[in-house]
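Asks: Attaching a predicted model along with its sequence, questions to come.
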Amino acid sequence: MTNLEWVHELARLPEIVGVTSRSSPAGESSIVEIYFNAPIDKAFIITKLPHTYKEKAIFTPKEEMKLSTHPYMKILYETEEALLSKRMIEILLKEASASMTAAKKAAARGDVHFVLARFNQTVNNWNHIIYLLNKQHLENQEGAAKKAARMEVTPAYYLVRLEKAYTYFASHNPALGFDEFNRLHNEITQIVTDNH
């Protein structure tokens, strides 16, 4: 793993809002400064560091963060909001996919109610993703799909396609419902890639 790769890996942890690492000039020890915004397990973080930095890790609260211009400094910094948003979207996409994997098993047994419940959970996850991509806060799911459909970053004909999928699942036509799910999920995944 290169220096910048492990710095980037650390900076993706939700408690960490910035990392600076200084390569070692002649006669000077390597230093890494880790800026945090929540209680963190320092011993765990140290295990993630390359050997040369383990002895010289400095933990600094976010409010004391300074971006150094030192010539040996490599800096990776993203705002806390951006880091949390990315992590949340990754989790929501995985949950949406996992819900529909369980729904497929239920569909094979003819359990329409479970399939609809899993698809509803998937739609809730998608709504949350769309809100995050549009930098809006989702307070509750009531009316969320309708609002998400009108946002700038959203799948084409989002609401119409959701209603189609619900109809297919409810009318015992799961193959068409899963086709619509796959198309929407792939489109939302692509939108995430294009916008993050």
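Replies: Ah, there it is. Numbers count the residues shown, from 1 in each chain.
Asks: Show me what the lengthiest helix in the chain is packed against.
Replies: The longest helix of the chain (DSSP state H) is helix 80-108. Here helix 80-108 touches strand 16-22, helix 112-133, helix 174-195, going by 3 or more CB pairs under 8 Å, 6 or more residues apart in numbering; DSSP states H and E. (Glycine included, C-beta is placed from N, CA and C.)
Asks: just how off-centre is the shortest one within its chain?
Replies: In this case it means strand 16-22. On the basis of CA atoms, centre = their mean, to the nearest Å, strand 16-22 sits 20 Å off its chain's mean C-alpha point.
Asks: same thing with the second one?
Replies: The chain centre lies 16 Å from the centre of helix 112-133; the measure is CA atoms, centre = their mean.
Asks: what's next to it, contact-wise?
Replies: Residues from elsewhere that reach helix 112-133 (CB atoms under 8 Å, 6 or more residues apart in numbering): 85, 88-89, 92-93, 95-96, 99-100, 102-103, 106-107, 137-138, 141, 144-145, 148, 151, 153-154, 158, 162, 165-166, 169-170, 172, 174, 177, 181, 184-185, 188, 191-192, 195-196.
Asks: low-confidence ranges in this protein?
Replies: Under the criterion pLDDT under 70, the flagged ranges of the chain are 1-5, 7-8, 11-12, 21-29, 66-84, 196.
Asks: what does the domain assignment say about it?
Replies: Domains of the chain are assigned by automatic domain parsing as 3-78, 81-195.
Asks: okay if I get those as TSV plus mean neighbour count?
Replies: Putting those into TSV (neighbours: other CB atoms under 10 Å) gives the following:
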stretch	mean neighbour count
domain 3-78	15
domain 81-195	16
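Asks: Now do the longest helix of the chain and helix 112-133, the angle between them.
Replies: Following axes from the mean of the first three to the mean of the last three CA atoms, to 10 degrees, one obtains 160 degrees for the angle between helix 80-108 and helix 112-133.
Asks: Measure how helix 80-108 sits relative to strand 16-22, angle-wise.
Replies: Using the same axes, to 10 degrees, helix 80-108 lies at 120 degrees relative to strand 16-22.
Asks: chain center to helix 80-108: distance?
Replies: The answer for helix 80-108 is 9 Å, by CA atoms, centre = their mean.
Asks: relative orientation of that helix and helix 174-195 in degrees?
Replies: Going by the same axes, to 10 degrees, helix 80-108 makes 170 degrees with helix 174-195.
Asks: Okay then, goodbye and thanks.
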